[in-house]
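Student: just a sequence and a predicted model for now, questions to come.
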Amino acid sequence: MHSFPFDYGRLARLSDRVGRVIAKNPGPYTFTGSGTYLVGDHRGVAVIDPGPDDAIHIGRVVDCAPGPITHILITHTHLDHSGGTAKLKALTGATVCAFGAHSSTVEEAPPALDEGADFCFAPDRMLSAGDTIEGPGWTIEAVHTPGHTDNHLCYALREERALFTGDHIMGWSTTVVAPPDGNMDDYLASLDLLLARADHRYYPTHGAPIDDPMPFVQAVAAHRQMRDASILAAAVGRSIPDIVKTVYADTPAHLHMAAGLNVRAHLERHVRAGRVKVKNGLYTSS
């Protein structure tokens, strides 16, 4: 966990084009809160992840914007990222851009994770990988990074070779991959996609900016592969809670729910590949 200085509701200037306002929704899965990014200047601003449905936070985002907000970009449809979209659009008339609506029809993550799916979300413009959004002095490219959710996008600010990573890469913790919308095969492939890029800085929605991000991504990928192997080795006719107790023995108990979701995602990956069989909730290596 990496602490960093900030004040709720105040604009932190991070580069010539980028500022951040942090929402007051701290928690065990959001760290200090959701970071809402403002890209642009007095001529026009794009907001990336308005954050939760919090009128005070949305009001501060509008007040802190250096110019008119023309676009709202959503990394994915969890309420701590997209929940404030409707309020911000009502205040600004900005165009809402995202990969699409939430793909699942049932709540896939326990409410305790504080990032429930946003089933009410609908973008004005649907983005695909490589699509761009342009404003005065900035060009933002959509980078499709499924894994945490099927509709997860990162956003590349071309002028600064910076990447807004949403929850795909976080500045304080590893990412929860919660099936059925989360998929570990997709997550690992999306890590490889980032490693093939040449970004100079990451701006995660939770946590501090990450400079020289390639070693950081390599460490995240190595950690996931280590967990993947440990979970496979622990699948000896055991349930997910039992596997969590073994593989995540050093993890605080209040985080075991999130760990269980990651274990499930890894096990489903092995089941698809034929390496694990499941019967009556018990997983066994083939």
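Tutor: Thanks, I have the structure now.
Student: pretty sure residue 268 is touching residue 186, no?
Tutor: No. Here residue 268 lies out of contact with residue 186, judged by CB atoms under 8 Å, at a distance of 11.3 Å. For glycine as for every other residue, the C-beta is placed from the backbone atoms N, C-alpha and C.
Student: need the phi and psi values for residue 78.
Tutor: phi -110, psi 140 (degrees, to the nearest 10).
Student: now the helices for the protein?
Tutor: Assigned by DSSP state H, the helices in the chain fall at 55-64, 79-82, 85-92, 184-195, 213-234, 240-247, 256-272.
Student: which residue ranges make up each domain of this structure?
Tutor: 12-211, 213-286 (automatic domain parsing).
Student: ends of the shortest one, what's the gap?
Tutor: With CA to CA, to the nearest Å as the measure, domain 213-286 spans 37 Å from end to end.
Student: give me the distance from that domain to the chain's centre.
Tutor: Domain 213-286 has its C-alpha centroid displaced from the chain centroid by 20 Å (CA atoms, centre = their mean, to the nearest Å).
Student: please renumber so the chain begins at 45
Tutor: Sounds good: first residue 45 from here, last item domain 257-330.
Student: as a whole number, average confidence for that domain?
Tutor: On average, the pLDDT along domain 257-330 is 96.
Student: mind listing residues that contact stretch 231-245?
Tutor: By CB atoms under 8 Å, 6 or more residues apart in numbering, the surrounding residues in contact with stretch 231-245 are 59, 187-192, 196, 198, 200, 204-207, 209, 212-213, 219, 221, 253-258, 261-262, 264-265, 268-269, 309.
Student: nearest spatial neighbour of residue 193, chain-adjacent residues omitted?
Tutor: residue 120 (4.4 Å; CB to CB, 6 or more residues apart in numbering).
Student: check residue 146 too.
Tutor: Residue 146 sits nearest to residue 121 (CB to CB, 6+ apart), 4.1 Å away.
Student: same check on residue 316?
Tutor: Closest to residue 316 by CB to CB, 6+ apart is residue 229, at 7.2 Å.
Student: poorly predicted segments of the chain, please.
Tutor: In the predicted model, the chain carries pLDDT under 70 at residues 45-47, 148-159.
Student: pick out the residue closest to the middle of it.
Tutor: residue 211 (1.5 Å; CA atoms, centre = their mean).
Student: distance of that one from residue 195?
Tutor: For residue 211, the distance to residue 195 equals 12 Å [CB to CB, to the nearest Å].
Student: try residue 268
Tutor: Counting by CB to CB - residue 268 and residue 195 are separated by 20 Å.
Student: more neighbours: which of these two?
Tutor: residue 195 (24 against 21; other CB atoms under 10 Å).
Student: mind listing the strands for the stretch 145-294 of the chain?
Tutor: 169-170, 176-179, 182-188, 197-201, 206-210, 245-248, 254-255, 280-282 (DSSP state E, counting those that start in this stretch).
Student: reformat the ones you listed as JSON lines; add mean neighbour count.
Tutor: Conversion of those to JSON lines gives the following (neighbours: other CB atoms under 10 Å):
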{"stretch": "strand 169-170", "mean neighbour count": "13"}
{"stretch": "strand 176-179", "mean neighbour count": "16"}
{"stretch": "strand 182-188", "mean neighbour count": "20"}
{"stretch": "strand 197-201", "mean neighbour count": "25"}
{"stretch": "strand 206-210", "mean neighbour count": "27"}
{"stretch": "strand 245-248", "mean neighbour count": "24"}
{"stretch": "strand 254-255", "mean neighbour count": "16"}
{"stretch": "strand 280-282", "mean neighbour count": "13"}
